[in-house]
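>>> any chance you could fold what I've pasted below:
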Amino acid sequence: MLSGEFWRNYGQRTQLVCFLSLGTVFALGHHLMCQHLDGKQILEGGISIHGKTIVTDQSLISAGSNALSQLIKYCFAATAGVTFTQYFWHVIEPFVWRGPAVPSTPRVNMGSKREVLEAIDAPVAAATGNPFLPSSFKTWVTSPGLAIIALMILLLVLIPTFAPGSLRVVSLEYSVPIDCPIPSPYVPRIDPVHLYSAAVANRVIVTGSYLPIESPCGRCTYNVSFVGASLKCSPNPSYDFAGFQSPKDRMALFKGDFHEENATLTVATRDGKFPSPNAPRALDCVPYSTFYHVQVWHEATTRIEVLNVTVGEKFSTGPLRELMEPLGRALTGSIVFAMYETLDPTLTIAYTRLLRWRWVENPYTEFTWSDMEVALPSLMQNMSLSLLSGEFPSLRGGYLATSLGQCMASQVIYKYTMWRLLVIYGIGWAMAAGTLVVGFLYVSRNGQERDLSFSNLVDGLGDDAR
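Alright, predicted model coming up:
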């Protein structure tokens with residue numbers, strides 16, 4: 001009895017306070033949840049059944065964020081809805097004259113039963129929270145205050161639309177330091193087995209790049225320093241071009257010689273149109289011990305950025321010869337173009353980007369060599385960078401030594417935009433708090449609490465409904 005009496009007299013005001021309080025608690029909880037997750041790495045866990053992940057942690061957090069924003073929207077909208085009801089009993093004819101707070105108000109003849117019911121159709125339709133429906137649009141004319149409250153309820157739908165976006169998933173590219181094993185090549189551990197080293201050299205020549213490197217840390221980057229080799233090439237004005245005096249049906253394009261005694265390389269090239277080519281050119285290339293400091297990037301593919309190169313002394317013997325000799329042997333030989341558009345004999349370099357050839361017009365074929373003074377040192381640098389791949393033959397134990405260092409990894413984390421959430425919830429809270437004050441005011445003016453139940457509407461219409 002006591003609870004029923006309390007609910008009849010104070011139920012609407014209790015709902016106003018409870019709905020606003022719950023909305024405030026949920027909004028604060030959503031803020032604290034997002035604040036706790038801000039900067040946290042997204043983990044791979046979740047709900048699993050028989051070893052199969054059904055729902056990931058990220059999906060659970062996203063669903064929780066959406067659910068909280070929906071609850072907050074419902075609480076704030078319910079607060080405004082209770083106020084709508086109290087204001088309805090104060091301003092809508094024929095109810096306004098019956099309230100004890102305005103006993104001197106004269107009774108107005110509302111006309112027929114149909115007219116009486118039509119007078120409340122639009123406000124009752126607007127109570128759903130949309131004053132723009134065809135059935136509720138008339139509320140803007142008969143009671144603008146009710147239409148504004150209904151509009152506020154409608155606008156609160158923006159809370160679940162924009163609030164969950166305050167917690168986003170972002171990828172930190174190479175900005176998270178982690179410990180990882182960094183491989184560093186030690187050239188004296190390379191096994192002098194020229195057959196396999198020659199295969200490595202030919203792969204470098206064909207691809208025009210270094211060999212791929214296995215990542216020790218996933219998607220990450222790290223710095224490494226090591227000793228390799230480099231080439232310095234310069235024109236050879238005393239080269240004997242007797243071998244380039246080709247007959248009319250043949251054209252010498254390339255001749256390479258690796259000199260075993262001093263580990264140097266001599267290369268002569270000729271390009272232009274067949275059968276009237278350009279003058280041949282020759283280069284002498286000398287190998288040098290070189291200290292490389294590079295940054296390795298492991299993305300979808302491996303990328304190496306050379307940060308610093310320190311050229312040391314030239315060499316003819318020693319461990320670094322295991323880099324120079326395979327490259328020199330791969331470039332040793334000649335390439336001759338025959339009139340029937342064949343290369344005889346063929347070298348790997350003939351079918352790389354270093355030599356471009358195209359048919360111009362019968363019987364002309366045009367050849368163009370890259371700048372070999374730049375291209376050959378680039379090949380040697382790629383041979384040195386390929387040391388990081390671990391592909392060279394090695395003595396027992398391998399030639400790659402690993403040491404624990406710092407890598408910069410990429411991670412996916414949560415990013416919380418606090419101002420966005422607080423502004424959205426702050427506006428919603430202010431609207432709900434404002435309607436709470438209005439609701440209390442009109443309960444006082446009406447002299448009692450009422451809702452929009454069917455029995456209350458019929459009771460309020462009284463004789464007009466008969």
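>>> hey, where'd the helices end up in the stretch 101-250 of the chain?
Under the criterion DSSP state H, counting those that start in this stretch, helices of the stretch 101-250 of the chain are mapped to 113-126, 139-142, 144-155, 158-162, 194-207.
>>> so which of the ones you listed gets nearest residue 231?
Judged by CB to CB, the one of the helices of the stretch 101-250 of the chain that comes nearest to residue 231 is helix 194-207, at 12.9 Å. C-beta here means a position set from N, CA and C on the backbone, and glycine is covered the same way.
>>> which of the helices of the stretch 101-250 of the chain sits most buried?
helix 144-155 (a mean of 20; mean count of other CB atoms under 10 Å).
>>> how far is it from where the chain is centred?
Helix 144-155 has its average C-alpha position 40 Å from the chain's average C-alpha position, going by CA atoms, centre = their mean, to the nearest Å.
>>> ok, residue 19 - contacts?
With contacts taken as CB atoms under 8 Å, 6 or more residues apart in numbering, residue 19 has the following neighbours: 75, 76, 78, 79, 82, 432.
>>> spatially central residue in this structure, please.
Here the mean C-alpha position of the chain is nearest to the C-alpha of residue 171 (CA atoms, centre = their mean), at a distance of 5.4 Å.
>>> does that one touch residue 410 like I think?
Yes: counting by CB atoms under 8 Å, residue 171 touches residue 410, with 6.1 Å between them.
>>> tell me which element residue 255 falls in.
With elements taken from DSSP states H and E, the one containing residue 255 is strand 250-259.
>>> and residue 83, by the same measure?
Assignment of secondary structure by DSSP H and E places residue 83 within helix 57-91.
>>> just the angle between that helix and helix 144-155, please?
What separates the directions of helix 57-91 and helix 144-155 is an angle of 170 degrees, with axes from the mean of the first three to the mean of the last three CA atoms, to 10 degrees.
>>> for the record, mean pLDDT for helix 57-91?
On average, the pLDDT along helix 57-91 is 87.
>>> list the buried residues in that helix.
Neighbour counts using 16 or more other CB atoms under 10 Å place 58, 61, 65, 68-90 of helix 57-91 among the buried residues.
>>> outline the domain layout of this protein.
Domain segmentation of the chain under automatic domain parsing yields 2-167+415-465, 187-398.
>>> who's in contact with residue 34?
Taking CB under 8 Å, 6+ apart, we find residue 34 in contact with 65, 166, 167, 414, 416, 418, 421.
>>> can you tell me the SS state at the closest residue to residue 168 other than its chain neighbours?
In space, not counting the residues next to it along the chain, residue 168 is nearest to residue 415; the distance is 4.9 Å by CB to CB, 6 or more residues apart in numbering. Following DSSP: H, G, I helix; E, B strand; the rest coil, residue 415 is assigned to strand.
>>> mind listing what's buried in the strand or helix carrying residue 426?
Here residue 426 is covered by helix 418-446, with elements defined by DSSP H and E. For helix 418-446, a neighbour-count test (16+ other CB under 10 Å) marks 420-421, 424-425, 428-429, 431-433, 435-436, 438-440, 442-443, 446 as buried.
>>> ok, stretch 25-42 next?
Using 16+ other CB under 10 Å as the test for burial, stretch 25-42 gives 26, 27, 30, 31, 33, 34, 37, 42.
>>> rewinding a little: need the contacts of residue 19 in CSV (columns: distance to residue 319).
Conversion of the contacts of residue 19 to CSV gives the following (distance: CB to CB, whole Å):
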residue, distance to residue 319
75, 75
76, 75
78, 80
79, 80
82, 86
432, 77
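>>> about what we covered before: including distance to residue 181, could the domains of the chain go into JSON lines?
Supplementary listing: those in JSON lines, determined by distance: least, CB to CB, whole Å:
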{"stretch": "domain 2-167+415-465", "distance to residue 181": "21"}
{"stretch": "domain 187-398", "distance to residue 181": "5"}
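>>> these: lowest mean pLDDT?
Looking at those, the lowest mean pLDDT belongs to domain 2-167+415-465 (a mean of 77).
>>> that older thread, for the domains of the chain, which one sits closest to residue 177?
Once those are compared by CB to CB, domain 187-398 is nearest, at 9.9 Å.
>>> how long is that closest one from one end to the other?
Start-to-end span of domain 187-398 (CA to CA, to the nearest Å) is 10 Å.
>>> how far is it from where the chain is centred?
Taking the mean of its C-alpha atoms, domain 187-398 sits 38 Å from the chain's own mean (CA atoms, centre = their mean).
>>> of all the helices of the stretch 101-250 of the chain, which one is nearest residue 375?
Distances from residue 375 to each of the helices of the stretch 101-250 of the chain were compared by CB to CB, and the smallest falls on helix 194-207, at 10.0 Å.
>>> and that closest one, what does it pack against?
When contacts are defined as 3 or more CB pairs under 8 Å, 6 or more residues apart in numbering; DSSP states H and E, helix 194-207 sits against helix 321-330, helix 372-385.
>>> got the angle between the helix holding residue 83 and helix 418-446?
Angle, helix 57-91 to helix 418-446, by the same axes, to 10 degrees: 30 degrees.
>>> picking up where we left off before, pretty sure the residue nearest to residue 168 sits against residue 38.
Yes: counting by CB under 8 Å, residue 415 sits close enough to residue 38 to count as a contact (6.8 Å).
>>> which of the helices of the stretch 101-250 of the chain sits closest to residue 369?
The minimum distance between residue 369 and the helices of the stretch 101-250 of the chain falls on helix 194-207, with 13.9 Å, by CB to CB.
>>> next one: stretch 74-89 to chain centre, how far?
The offset between the C-alpha centroid of stretch 74-89 and the centroid of the whole chain comes to 43 Å, using CA atoms, centre = their mean.
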